[in-house]
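K.L.:
here are the coordinates; sequence isn't available:
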């Protein structure tokens, strides 16, 4: 099986996220519970790149959700165009692509965005 080396993984990860500046947290019916804009990505390391800022604030960052519900997944999007996105990101309170203070969102309670990360696999798919 072919593998990417670390330098290439970092380059691919950086390219994938370079225009992705919006995070949407979705419930099980794909309703947007909360979105975070103005994402700023850090420098990739070992194929992993993390968000360092959301909405002009360093992470962790808190805001109120638009809808209440249980976070089931997330997607990253480009605010300027449709179609450029990464879907199916995991959401949890630890060990997920998107880490929140709680996966149960209530419109009257601040949601704490702990971290967002994208990992470029070392596996080459053809």
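P.N.:
Arrived safely. Keep in mind that this is a model prediction, so the values were computed, not measured.
K.L.:
At which residues are the strands of this protein located?
P.N.:
Secondary structure of the chain (DSSP state E): strands located at 22-26, 32-37, 40-41, 48-54, 57-58, 61-63, 69-70, 73-77, 85-89, 91-92, 98-100, 104-105, 111-119.
K.L.:
Out of those strands, flag the one nearest residue 13.
P.N.:
Closest to residue 13 of these, according to Cβ to Cβ: strand 48-54, at 4.6 Å. (Glycine included, C-beta is placed from N, CA and C.)
K.L.:
Show me which residues of that closest one are buried.
P.N.:
Buried residues in strand 48-54, counted by 16 or more other Cβ atoms under 10 Å: 49, 50, 51, 54.
K.L.:
Just put these in CSV and tack on distance to residue 27 and pLDDT.
P.N.:
Below are the buried residues of strand 48-54 laid out as CSV (distance: Cβ to Cβ, whole Å; pLDDT from 0 to 100):
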residue, distance to residue 27, pLDDT
49, 26, 97
50, 24, 97
51, 21, 98
54, 20, 97
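K.L.:
from those, which is closest to residue 95?
P.N.:
residue 50 (14.0 Å).
K.L.:
Does the closest one touch residue 117 like I think?
P.N.:
Yes - contact criterion Cβ atoms under 8 Å: residue 50 and residue 117 qualify, at 4.5 Å.
K.L.:
Now do the contacts for residue 48.
P.N.:
Residue 48 makes contacts with 13, 117, 118, 119, 120, as judged by Cβ atoms under 8 Å, 6 or more residues apart in numbering.
K.L.:
Got a PyMOL select line for the buried ones in those residues?
P.N.:
Only the buried entries of the contacts of residue 48 go into this PyMOL selection, using 16+ other Cβ under 10 Å:
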select buried, resi 13+117+118+120
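K.L.:
ok, the contacts of residue 48 vs residue 63, which is closest?
P.N.:
The shortest approach to residue 63 among the contacts of residue 48 belongs to residue 117, at 19.4 Å (Cβ to Cβ).
K.L.:
from what I can see that closest one touches residue 51, true?
P.N.:
Yes - counting by Cβ under 8 Å, residue 117 does reach residue 51; the two are 7.5 Å apart.
K.L.:
first to last residue in stretch 90-98, what's the distance?
P.N.:
The first residue of stretch 90-98 is 6 Å away from its last residue (Cα to Cα, to the nearest Å).
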